[in-house]
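Q: Predicted model and sequence follow; I will ask about them next.
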Amino acid sequence: MAASSLSNTTAMVLCPPRDVWPAIDQIRNTHDKAACKWPPHVNLCFPFVPSHKFETRKVALEAKMARIPSFTITLDTFATVGTSKKKEGRRFICLVPNVSNSEALGAVKSALKSVFPECTPRVEVHLTVGQAKGEECPKLIEQFEKQWNRLTWTVDNVAFLEKTKSRFEVRGKIALGSPETRAPEAGESEQKTKNEGKRKK
């Protein structure tokens, strides 16, 4: 499907609990130009489908996510990634998620791609805390590391964000399964559907 069917006013993300936002925003409010527009988040899909399309496929996504176990993310490492603003020589400074169950995160991305094939989930994920010119990044990262305390949270849902006026807000959450839930193997759900169809004949 064409990228034109996607919206720059919606996103699917992993949001840390609100009670840890102040620790992250202590850095973002000074160094991240988007701090006033976005809550702390790890982008999975952006741009995303318009809200009405999300609502029509929400039940299908809920069914897939319920089969994926919750997992934890630890934020304790800063790094830089490139931006599209090459002329300015600027880079993103990010917290790199240390994921306890990479298979579960992969299953979350696969579920999103399955239900919303017009979207492309991020291969590498990060939580942006600022932007700076390349030569300024090492000193800033050193500064951030001195003031940062390791943060771990349990990812038990994915969040649907929608922009209202000038800021993205959480408009819905899709729950993951319990930690004991087994993430489906690639193609497993499709094969199960085929087998069930054969038994009905």
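A: Perfect, I can see it now. In this text, all values refer to a predicted model and were calculated from it rather than measured experimentally. Residues are numbered from 1 along each chain as shown.

Q: mind listing the helices for this structure?
A: Assigned by DSSP state H, the helices in the chain fall at 21-31, 51-65, 102-115, 137-147, 188-200.

Q: Comparing those, which comes out most buried?
A: The highest mean neighbour count among the helices of the chain, using mean count of other Cβ atoms under 10 Å, belongs to helix 102-115: a mean of 18. Yep, even glycine has a C-beta here, placed from its N, CA and C like the rest.

Q: just to revisit the earlier point, let's have the helices of the chain in a markdown table, adding distance to Arg90 and mean pLDDT.
A: Listed next are the helices of the chain as a markdown table, based on distance: least, Cβ to Cβ, whole Å; pLDDT from 0 to 100:
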| stretch | distance to Arg90 | mean pLDDT |
| --- | --- | --- |
| helix 21-31 | 12 | 97 |
| helix 51-65 | 31 | 97 |
| helix 102-115 | 27 | 98 |
| helix 137-147 | 9 | 96 |
| helix 188-200 | 42 | 45 |
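
Q: Which of those sits closest to Val42?
A: Among these, the nearest to Val42 by Cβ to Cβ is helix 102-115 (9.6 Å).

Q: relative to helix 51-65, how tilted is the closest one?
A: 140 degrees (axes from the mean of the first three to the mean of the last three Cα atoms, to 10 degrees).

Q: who does helix 102-115 touch, helix- and strand-wise?
A: strand 42-45, helix 51-65 (3 or more Cβ pairs under 8 Å, 6 or more residues apart in numbering; DSSP states H and E).

Q: The shortest one pairs with which strands?
A: Read it as strand 42-45. strand 10-14 (antiparallel) (DSSP bridges).

Q: top strand in the protein by residue count?
A: In the chain, with assignment by DSSP state E, the single longest strand is strand 71-82.

Q: Report the buried residues of that one.
A: 71-73, 75, 78, 80 (16 or more other Cβ atoms under 10 Å).

Q: Quick check: of the residues you listed, which lies closest to Leu176?
A: Nearest to Leu176 among the buried residues of strand 71-82, with distances taken as Cβ to Cβ, is Phe71, at 7.9 Å.
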